[in-house]
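> sequence and computational prediction follow.
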Amino acid sequence: MTTKPSSKASKILNIILGVLLLVVLFYLFAYGFVVADAANAQLISIYEVAEVGDSLNDLKTKVAKMPQTWISSYYLPDDISISAPLQFGATNWILHIHAENDKITCIKIHSEDSINYHPQEAPPDKGNCHYRWQDKQWTAGRTINGWSKPINGSQ
């Protein structure tokens, strides 16, 4: 003989599962939008400190001292990428700063979806920002077939 779980226990379990599902959905779809303005403000404050021609290493030191509650940073020798929390639809902002020989050449805000999409509310790019990540290296310059010339002499 099998026993059925009580309908009261079943209802409680369904409520708990429903609440957990709502929390997960909120985090996945709404969290990025809730903190987007605060995160974008932090990105803009870093954007305003960065200037073309300045030392990338000096900027890294300055950025380390700035508020970064809502953003995350990724550092490479010649690049900094700082991103806001992921938003559904990949509309979150990323601040990308590129340098050559420790001198900043590009300061650009773009969306998660494309390095070439500039959000309407974002400030304009600073410097020479005609490049893209391709084949595990930054490439610059346009050809008929797309982007071709590796920068920083990387092959």
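That came through, no problem.
> so which helix or strand of this structure has the lowest pLDDT on average?
Every helix and strand in the chain was compared by mean pLDDT, DSSP states H and E; the lowest is strand 146-150, with a mean of 39.
> burial count for Ala64?
Neighbourhood size, Ala64 [other Cβ atoms under 10 Å]: 10. Where C-beta positions appear, they are placed from N, C-alpha and C, glycine not excepted.
> repeat that for Asn14.
For Asn14, using other Cβ under 10 Å, the count is 10.
> and if you look at His118?
With other Cβ under 10 Å as criterion, His118 counts 17.
> thinking it is in contact with Ile94, fair?
No: contact criterion Cβ atoms under 8 Å: His118 and Ile94 do not qualify, at 11.1 Å.
> joint contacts of the two?
Taking Cβ atoms under 8 Å, 6 or more residues apart in numbering as the contact rule, His118 and Ile94 both touch Ile109, His110.
> what are the ranges of the strands in this protein?
With DSSP state E as the criterion, the chain has strands at 72-76, 79-83, 93-100, 103-111, 126-127, 131-134, 137-143, 146-150.
> average pLDDT for the longest helix along the chain?
If you go by DSSP state H, the chain has its longest helix at helix 7-29. If you average the pLDDT over helix 7-29, you get 87.
> contacts for stretch 48-65, please.
By Cβ under 8 Å, 6+ apart, stretch 48-65 touches 46, 66, 73, 75, 78, 80, 82, 97, 99, 102-107, 126-127.
> let me see the mean pLDDT of that stretch.
93.
> and what of stretch 82-95?
Stretch 82-95 carries an average pLDDT of 83.
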